[in-house]
Structure formats: structure tokens, C-alpha cells
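In: How does the following fold in three dimensions:
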Amino acid sequence: MSTYEANRYAFPATAITAGTFDNARLSSGSVTQHVDLSNLNASNLTSGSIPNARVPSGAVTQHVSAVTNTTGTWTPSFNSGSISITHGARYQRVGDMVKVFMYIRSTSLVNYNSNSVMVMSGLPITARNTGNTYDLVGLGTFQGRGSYGAMIHGIVRSNSTSVYFIKSGQNIQRISDFAGLSTQMRLTDVDHYATQRNFHSAFDNNNNSHMILEVTYLV
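Out: Numbers count the residues shown, from 1 in each chain. Just a heads-up that it's a prediction; the model follows:
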């Protein structure tokens, strides 16, 4: 028959209902067997902040949509006259925005007698398609030689790789060309777009006429 003297150091832990154990009375194994800090479930983190050094970059970037970031060269061309690229025609795309710029010189004259709209093509990335070809999705400036060489607007329209030019002094309230408006109110009318003859003084065939352009547009 066991006695109290024999069992007084073997009583069950359930009998301890009050008080606090001294740290020295608890072995480390008694605690860590129930806590796995090397494999802690993130669902157990309910407050506080994780130091930057404890979060791998992959844990962040996997939840961030990839941002397209590209750069390169492009080849502008006009539908009248010819050009030579002097100090580069480059572009930079960041996400859904593209910035293009160029520094060129003319190598031949434009058609001075033509009232055809002057168009510069060759944008490196097709502009955003809004579903309406009349929508304006890009804007920039052009500067060349002569009376027409003043800084003017270059525009990019929906789903296009071309730049059109708005003649100096045009009333902005009139540059609308939604279907149904009269031809005198449309951007397709030469009264609002710059024509080839408007660029006569900006082009020559002696490599003396230099031009610059920058445009930013949506993609």
C-alpha cells in the first residue's frame, strides 16, 4: 500500500489550480513541444508587423500585377517628304503609357500643292482601342522650321499607330469628329488637321530642316 510520503512528489498537474510556476521549474521541452516557431502557421499572426527582412520579395510580387516596362527605338515616317533620324527616335513604355520622342531632319520636300492631311506613322505600339476610332488617347508637341514650325499639337487616336497634327490657332471647341456631326466640325476635315502644304517650310532637301516631336499616349 502506497503512502503519502511515497507519492507526495507524484501528484497530477490537474491538482495545480492556482499560483505561478517559477521559470526554473519548467523545462524548455515542456514549452517548445507545443510551439513550432520554425514552422509557424501564418494564420496565427493576428497582430503586429513582420520586419521587411522576414518577407521575401516573391511573397509580395506574386500578388502584384506585372508592370510592362520596355524601351527601344522606332521608325517614324511621313506620308509626304522623307526624313533621316539624326539623334534617335526612342520610346519608353511603363504599364499602359507610352512616351515617344524623335529628333529628325528632312531629306526631301513635301508636296506643296497638296491639301491632303499630313500623317506621321510608325508609332512603336498600337494605341489603346476604346471602341471609338474618334477618341483621343494621346497628345504631344511638334516643332519644325518656318512659320508653321511653331510648337503645335500632335494627337494620337484610338487603335492607331499614327500621329495627326492640329494646325496652329484652331479653336479647340471645334476639334470634335464624332459621327453625325457636319464635315465642317470633324477632325477629318482639313480645316482642322494640318495638311502636307502646311509642312512645306518645315521640310527641305538639303538636310537643313530639323524637327523634334514628343507624344505620350495610352495603350
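
In: now residue 49: how far from residue 131?
Out: 45 Å (CB to CB, to the nearest Å). All C-beta spots, glycine's among them, are computed from the backbone N, C-alpha and C.

In: cool, and residue 45?
Out: Taken as CB to CB, the span from residue 45 to residue 131 is 46 Å.

In: Same question for residue 58.
Out: In terms of CB to CB, residue 58 sits 37 Å off from residue 131.

In: same check, this time on residue 84
Out: Relative to residue 131, and taking CB to CB, residue 84 is found at 37 Å.

In: Also residue 152?
Out: Distance from residue 152 to residue 131, by CB to CB: 28 Å.

In: Low-confidence bits of this protein, can you list those?
Out: By pLDDT under 70, the low-scoring segments of the chain are 1-11, 29, 31-38, 60-66, 146-151, 167-192, 207.

In: can you pull out the helices in it?
Out: 4-7, 28-32, 57-61 (DSSP state H).

In: just the strands in the protein please.
Out: 69-73, 77-78, 82-94, 97-108, 119-121, 136-143, 152-157, 162-166, 210-218 (DSSP state E).

In: which residues are contacting the fifth one?
Out: The list of residues contacting strand 119-121 from outside it, by CB atoms under 8 Å, 6 or more residues apart in numbering, reads 76, 77, 78, 79, 154, 161, 162, 163, 164, 165, 213.

In: Tell me which residues touch the fifth one, please.
Out: Counting by CB under 8 Å, 6+ apart, residue 154 touches 120, 139, 140, 141, 142, 163, 164, 165, 166, 213, 215.

In: excluding its backbone neighbours, what's nearest residue 67?
Out: The shortest distance from residue 67 to any non-neighbouring residue, by CB to CB, 6 or more residues apart in numbering, is to residue 95 (5.0 Å).

In: domains of the protein?
Out: 4-61, 69-218 (automatic domain parsing).

In: Out of the ones you listed, which is the most enclosed?
Out: domain 69-218 (a mean of 17; mean count of other CB atoms under 10 Å).

In: now do the same end-to-end measure for that one.
Out: 14 Å (CA to CA, to the nearest Å).

In: centre of the chain versus it, how much separation?
Out: The chain centroid and the centroid of domain 69-218 are separated by 21 Å under CA atoms, centre = their mean, to the nearest Å.
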